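# Just to be clear, the model below is a prediction. Sequence and coordinates:
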Amino acid sequence: MLLTRLKPYLVVVPATGLVTGLIARWLGQPQWADPVWTAATVVVVLALAAEIVTSLRRGEVGLDIVALLSMTAALAVGETLAAAVVALMYAGGQNLESFAERRAQREMSALLARAPRTAMRYCDGGLQEVPLDSVIVGDRLLVRQGDVVPVDGAVAGAVAVIDESAITGESLPVQRQAGERLISGSLNVGGPFDMRAERIARDSTFAGIIRMVEQAQRSKAPMSRLADRYAIVFLVVAVVIAAAAWLASGDPVRAVAVLVVATPCPLILAVPVAIVAGLSRAAARGILIKGGKALEALARIRVLILDKTGTLTHGQARIVSEVVFDG
């Protein structure tokens with residue numbers, strides 16, 4: 001838990017160490033550069049090692065093992081500058097990933113904040129505010145002006161004026177007559193009205209949307225799964241090539257060079273960061289994408305067919321053509 005909280009700030013250590021070592025060399029004090037770069041790299045190595053151990057306990061083998069090998073090997077042969085650069089690359093990528101995850105979590109929190117926690121239910125001849133989970137099918141509820149419709153149901157009294165834009169994409173409010181269906185998560189922009197609950201809270205539309213977004217943020221895109229699937233193969237190939245370079249040249253630095261080049265920081269981080277950032281940015285604009293698989297599929301789409309009129313509108317009418325008839 002502590003490591004997770006410190007991950008966003010880990011990049012400060014190798015960045016500060018790298019700059020400090022370069023300044024020491026520039027000032028004619030090269031004897032200080034190697035210890036500073038070593039210390040900065042060791043901090044990242046320890047953090048990465050702890051994360052790898054946690055992953056291995058879960059039965060997961062990731063490509064970050066190559067990054068750990070390249071840093072430790074570089075320190076072992078005295079290539080402290082290369083080790084510090086790899087440490088900065090890895091920690092910077094971790095910082096970027098944490099930023100994207102925090103942003104996605106903020107969007108998720110905003111969605112959860114919209115979800116109602118209570119409902120106004122008629123009981124014993126009066127109104128009582130009850131927890132949403134206690135609402136059952138058949139309950140008569142009051143939806144006040146500005147309230148979010150708590151559960152799926154139907155209008156049971158006066159005409160309801162509802163803003164369904166968060167659910168259906170319809171930009172203009174709609175009127176629902178007595179008996180017409182109401183979607184949970186929509187907003188009452190008219191006067192108070194009564195409704196009859198037809199689903200419990202956990203089975204309602206808005207609850208399903210929240211579960212879908214949570215599942216999307218936990219899921220992995222096909223490209224991410226591909227990287228994980230071949231992590232062991234990539235690790236073995238990298239180590240074999242590094243060992244072959246060492247044996248062929250007799251110089252261990254050659255092996256370190258292979259490991260440094262093979263460090264797959266972009267492969268480890270680029271795809272998850274892009275997917276999480278894409279999902280959260282879309283959610284902020286009111287677009288709910290089911291997961292990374294759907295987001296990747298959008299890149300291959302050339303023709304889009306829509307079967308819901310009114311969803312893709314600007315909310316304003318405009319004249320598109322005029323046809324004049326004689327007389």
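Sure thing, it's come through.
# okay, CA-based contacts and neighbour counts for the rest of this
OK.
# How many neighbouring residues does the nearest residue to Arg144 once chain neighbours are set aside have?
Residue nearest to Arg144 in three dimensions, not counting chain neighbours: Pro192, with 4.3 Å by C-alpha to C-alpha, 6 or more residues apart in numbering. Summarising burial for Pro192: neighbours were counted as other C-alpha atoms under 10 Å, giving 18.
# my guess is Pro192 meets Val149, correct?
No - if you go by C-alpha atoms under 8 Å, Pro192 and Val149 don't touch, sitting 11.2 Å apart.
# Find the residues that touch each one of the two.
Common contact partners of Pro192 and Val149 (C-alpha atoms under 8 Å, 6 or more residues apart in numbering): Val143.
# returning to what we had before: and the residue nearest to Arg144, how far from Asp139?
For Pro192, the distance to Asp139 equals 17 Å [C-alpha to C-alpha, to the nearest Å].
# now swap in Val12 and tell me
Computed with C-alpha to C-alpha, the distance linking Val12 and Asp139 is 56 Å.
# go on, Ser204?
To Asp139, Ser204 is 14 Å away according to C-alpha to C-alpha.
# for Asp203, same thing?
The gap separating Asp203 from Asp139 is 15 Å, by C-alpha to C-alpha.
# which of these two has more neighbours?
Set Asp203 next to Asp139 and count neighbours by other C-alpha under 10 Å: Asp139 wins out with 18 against 12.
# where exactly do the strands run in the stretch 201-327 of the chain?
When secondary structure is read from DSSP state E, counting those that start in this stretch, the stretch 201-327 of the chain shows no strands.
# Break down it into its helices, ranges please.
Remark: helices assigned in the stretch 201-327 of the chain by DSSP state H, counting those that start in this stretch are 205-218, 222-229, 231-249, 252-262, 265-284, 292-298.
# How about the stretch 1-150 of the chain?
Here the stretch 1-150 of the chain has its helices, by DSSP H, counting those that start in this stretch, at 2-6, 12-26, 33-57, 64-76, 80-114.
# burial measure for Ile65, as a count.
Other residues lying near Ile65 total 18 when counted by other C-alpha under 10 Å.
# Now do the contacts for it.
Neighbouring residues of Ile65 by C-alpha under 8 Å, 6+ apart: Ile52, Leu235.
# repeat for Asp194
Neighbouring residues of Asp194 by C-alpha under 8 Å, 6+ apart: Arg140, Leu141, Leu142, Val143, Val155, Ala156, Gly157, Ala158.
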